[in-house]
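Peer 1: Coordinates for the following, if possible.
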Amino acid sequence: MVKLIDRSNQRDAMVTRQIAGRGIRDPHVLNAMRHIPREAFVADGFEEFAYADKPLPIGHDQTISQPYIVALMVEAAEIWPGDRVLEIGAGSGYAAAVLGHIADSVHTVERHEPLAETARENLAKAGVENVDIHVGDGTLGWPDAGPYDAILVAAGGPSVPASLKRQLKPGGRLVIPVGEEDSPQRLRKLVRMGADAWDDADIGGVRFVPLIGAQGWTEDGRRSASNHVPGQNSGRSLAQMIADAADPLPDIDDPEFGAVLDRYADKRVVLLGEASHGTSEFYRARAAITRHLIENHGFTIVAAEADWPDAAVINRHVRHEKPREDAEPAFTRFPTWMWRNTVVAGLVEWMRSHNATVSDADRKVWFYGLDIYNMRSSIEAVLAYLDDVDPEAARIARERYGCLTPWQHDPATYGRAVLTQGYRDCEDQVVQQLRDLLERRLDYEAQDGNEFLDAAQNARLVKSAERYYRIMYYGGAESWNLRDTHMFETLEHLLEAKGPDAKAVVWAHNSHIGDARATEMGAVRDEINIGQLCRETFGDDAALIGFGTHKGTVAAATDWGGDMEVKEVRPSRDDSFERVCHDADVPQFLLDLKRDEAVRRRLTEQRLERFIGVIYRPETELQSHYAAASLAQQFDAWVWFDETRAITPLDTDKTREGVPDTYPFGL
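Peer 2: Numbers count the residues shown, from 1 in each chain. As a prediction, this is how the structure comes out:
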């Protein structure tokens, strides 16, 4: 038997957070999922993601189901020791193994012979011996071994196959997804109460691959000729529900655009997200909303996912203060386009003009960076050092530092169990190099004792950054949590310094401002973020606004430190939140996720959500840019632009006419 790496801690965490944490209570199910190694049933190279809360590809256009869905179906089927169970759709064998841990015997039918053979190998690798795999038409069941105490179907049919109903014992349970071709699927549970008497319950919305066969769908998506039972689903699709609930948005340049967020004007903190770090519509929309909140609702703090010293250069310009003699130009390090772009430059000049017209000092606007000092400069120092002493370690580091959101990774790189010895040997020297760099670059700000807020914040930075740079050398949840905790605490200090009536607008990526507990970040990796911390601290005084798009172009690099490219954004996946928003056929809208309870419930269900940082790799999009999430639990509202275009970076080779020498984006 193949020896598997011990991932029991990850498995326990999955059961605690993803399974028990969502209401699964059957001790048989929880025990089985704590024992069955899911990593034995995923494709090679995906072992690292085995306990992520999402389906994974296994070939032949099939997937291994999300762990929670497996648990939900097994619990609904009420499996007991001694039961005989039939499963339709063996896939890689994982659900059959979970069933086999509880039941006496399991028969599973798979229509793809190669998948069936893989499932047999996986079951043997996991030490499961009471599962028999058959190749055939699953819609016809496997009558030779029936009748069954329970039948589970891991594919969605247009109706419940009559042959499966006939193979149930009296009192037997059948769990199956059912839905018409263009309608959402509903997970149904049928209990045989008599020869032709059934108790039928709706468990909830799900999404499965089609059930192909004589009593299901044909390969080309039509109902099979032998199955003419009317569909069991009626009513509006999720896309129709979104279209009905959405507030269409005017053009971003329309003066009324910013007013769409008046409903959040009484909040102390409004957090504005983005689904990428290089999309023009996201920046333009946030700028319009920010201007409106400043002009009409008394917001005076703009806090961005940006380095503190770079933002300080901007802030002095906005506040009409003399620039420091030794201050560097703002945002000249990779990725320059993230802040050094035409939209941010325009907002900076608007804030400067606004402050010139405001006589009350307490009503003037401030611009601050929340991030943990100069991470990008420090990363460059790490890479420069490693390029000299260990090129292989430098290559691994470039992959790691490309992960500005915690799921943007290359499975081939991150599947390594350990780093190279040379990488480990470099740690102390790299950390010392970073400490020296930090002290040198912060020295000029620490000398100014009159600016207490800057001095106090820099003291906190010195303390946090040294620890951050040490743990980011290896990556993982601890570095992410330290960074987001620091950003949140910086926001707290700003609000405290400005007084009890101060209100802030925060600009950050969706991965920072959407509540981490509703994503793989919190559910799988124990990661927290600004959005979660704001909800826990400010409660209803915080509004979390996410942004999304279906397709277009984006400004991004292929690798950390690489050149900015304008890349085509692939149309969103069929199983994503972005796709149902696209199918709503409203070009741009605001969806208040608390206003329509029916929509909120449907968007609480897990789907994939796309996250693009400063790195975009379309060729590995599913693995590197999608993660399972609950949209309605992440955000209070969702701003949608169906088609978007790349942000326009400032042309740093040209001098802008009519701007003063103190212009913060000058070189």
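
Peer 1: How is the protein divided into domains?
Peer 2: Using automatic domain parsing, the domains assigned to the chain come out as 8-235, 242-644.

Peer 1: As a markdown table, those with distance to residue 664, mean neighbour count and mean pLDDT would be great.
Peer 2: C-beta: built from backbone N, CA, C; applies to glycine. A markdown table is the format used below for the domains of the chain (distance: least, CB to CB, whole Å; neighbours: other CB atoms under 10 Å; pLDDT from 0 to 100):
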| stretch | distance to residue 664 | mean neighbour count | mean pLDDT |
| --- | --- | --- | --- |
| domain 8-235 | 41 | 19 | 86 |
| domain 242-644 | 4 | 19 | 81 |
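
Peer 1: Tabulate those domains (TSV), appending distance to residue 650.
Peer 2: Output for those, formatted as TSV (distance: least, CB to CB, whole Å):
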stretch	distance to residue 650
domain 8-235	38
domain 242-644	5
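
Peer 1: Name the residue most distant from the centre of the protein?
Peer 2: Here the chain reaches farthest from its C-alpha mean at residue 195, the gap being 47.2 Å by CA atoms, centre = their mean.

Peer 1: any idea how far residue 585 is from that residue?
Peer 2: Counting by CB to CB, to the nearest Å, the separation of residue 195 from residue 585 is 47 Å.

Peer 1: returning to that earlier point: how much space between the residue farthest from the centre of the chain and residue 253?
Peer 2: In this view, residue 195 and residue 253 are 68 Å apart by CB to CB.

Peer 1: on that earlier part again, relative to residue 665, which of the domains of the chain is closest?
Peer 2: Of all the domains of the chain, it is domain 242-644 that lies closest to residue 665, at 5.7 Å by CB to CB.

Peer 1: List the beta-bridge partners for residue 629.
Peer 2: Beta-bridge partners recorded for residue 629 (DSSP bridges): residue 519, residue 607.

Peer 1: Surely it and residue 606 touch.
Peer 2: Yes. Between residue 629 and residue 606 there is a contact at 6.9 Å, judged by CB atoms under 8 Å.

Peer 1: In terms of secondary structure, what does the longest strand seen in the chain contact?
Peer 2: Ranked by residue count under DSSP state E, the longest strand found in the chain is strand 542-556. Counting by 3 or more CB pairs under 8 Å, 6 or more residues apart in numbering; DSSP states H and E, the packing neighbours recorded for strand 542-556 are strand 269-272, helix 280-297, helix 510-513, helix 530-538, strand 565-569, helix 577-583, helix 631-634, strand 637-644.

Peer 1: Distance of residue 351 relative to residue 494?
Peer 2: In terms of CB to CB, residue 351 sits 16 Å off from residue 494.

Peer 1: ditto for residue 350
Peer 2: Using CB to CB, residue 350 is found at 20 Å from residue 494.

Peer 1: before we move on, what about residue 166?
Peer 2: As judged by CB to CB, residue 166 and residue 494 stand 67 Å apart.

Peer 1: can you give me the helices in the stretch 201-350 of the chain?
Peer 2: In the stretch 201-350 of the chain, the helices defined using DSSP state H, counting those that start in this stretch lie at 238-245, 280-297, 308-318, 342-357.

Peer 1: Columns distance to residue 502 on top of the ones you listed, output as TSV?
Peer 2: As requested, the helices of the stretch 201-350 of the chain are arranged in TSV below (distance: least, CB to CB, whole Å):
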stretch	distance to residue 502
helix 238-245	33
helix 280-297	12
helix 308-318	15
helix 342-357	16
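
Peer 1: The ones you listed: which one's closest to residue 177?
Peer 2: With CB to CB as the criterion, residue 177 lies closest to helix 238-245 of the helices of the stretch 201-350 of the chain, at 14.8 Å.

Peer 1: residues making contact with that closest one?
Peer 2: Counting by CB atoms under 8 Å, 6 or more residues apart in numbering, helix 238-245 makes contact with 184, 205, 236, 580-581, 583-586, 591-592, 595-596, 598-599, 602-603, all of which sit outside it.

Peer 1: re earlier: among the helices of the stretch 201-350 of the chain, which comes closest to residue 126?
Peer 2: Using CB to CB, the helices of the stretch 201-350 of the chain put helix 238-245 closest to residue 126, at 35.8 Å.

Peer 1: now the angle from the closest one to strand 637-644?
Peer 2: Counting by axes from the mean of the first three to the mean of the last three CA atoms, to 10 degrees, helix 238-245 lies at 110 degrees to strand 637-644.

Peer 1: Would you point out which residue is most central in this structure?
Peer 2: With distances taken as CA atoms, centre = their mean, residue 627 lies nearest the centre of the chain, 4.4 Å away.

Peer 1: Wait, that one touches residue 56, no?
Peer 2: No. Checked against CB under 8 Å, the pair residue 627 and residue 56 is beyond contact range at 12.0 Å.

Peer 1: how much space between residue 55 and residue 14?
Peer 2: Applying CB to CB, the value for residue 55 to residue 14 is 14 Å.

Peer 1: now residue 561
Peer 2: Distance from residue 561 to residue 14, counting by CB to CB: 35 Å.

Peer 1: Likewise for residue 214?
Peer 2: 37 Å.

Peer 1: One more: residue 585?
Peer 2: Going from residue 585 to residue 14 by CB to CB gives 37 Å.

Peer 1: swap in residue 72?
Peer 2: Noted for residue 72: a distance of 14 Å to residue 14, by CB to CB.

Peer 1: Likewise for residue 200?
Peer 2: Per CB to CB, residue 200 is found 31 Å from residue 14.

Peer 1: Is it correct that residue 57 falls within a helix?
Peer 2: No. Under DSSP: H, G, I helix; E, B strand; the rest coil, residue 57 falls outside any helix and is assigned strand.

Peer 1: Please name the residues that touch it.
Peer 2: For residue 57, the contacting residues are 43, 46, 63, 622, by CB under 8 Å, 6+ apart.

Peer 1: you'd agree residue 480 is up against residue 530?
Peer 2: No. The criterion here is CB under 8 Å, and residue 480 misses it with residue 530 at 11.4 Å.

Peer 1: does residue 128 sit in a helix or strand, and which one?
Peer 2: If you go by DSSP states H and E, residue 128 is not part of any helix or strand.

Peer 1: And it, its phi and psi?
Peer 2: The phi/psi pair for residue 128 (degrees, to the nearest 10) reads phi -90, psi 120.

Peer 1: Provide a list of residues in contact with it.
Peer 2: Contact analysis of residue 128 by CB under 8 Å, 6+ apart lists 36, 93, 96-97, 100-101.

Peer 1: check contacts around residue 572.
Peer 2: Each residue near residue 572 by CB under 8 Å, 6+ apart is listed here: 550-551, 578-579, 582, 610.

Peer 1: quick one, phi/psi of it?
Peer 2: phi -60, psi 150.

Peer 1: which residue packs closest to it, ignoring adjacent ones?
Peer 2: residue 578 (3.4 Å; CB to CB, 6 or more residues apart in numbering).

Peer 1: go on, residue 364?
Peer 2: Once flanking residues are discounted, residue 364 sits nearest to residue 355: 4.6 Å by CB to CB, 6+ apart.

Peer 1: Test my guess that that neighbour contacts residue 366.
Peer 2: No. The pair residue 355 / residue 366 is not scored as a contact, 9.2 Å apart, by CB under 8 Å.

Peer 1: Next, show the common contact partners of those two.
Peer 2: Contact with both residue 355 and residue 366 is made by residues 318-319, according to CB under 8 Å, 6+ apart.

Peer 1: how much space between the closest residue to residue 55 other than its chain neighbours and residue 640?
Peer 2: Nearest residue to residue 55 in three dimensions, chain neighbours excluded: residue 63, at 4.0 Å (CB to CB, 6+ apart). Distance, residue 63 to residue 640, by CB to CB: 26 Å.

Peer 1: what's the answer for residue 592, then?
Peer 2: Separation of residue 592 from residue 640 (CB to CB): 12 Å.
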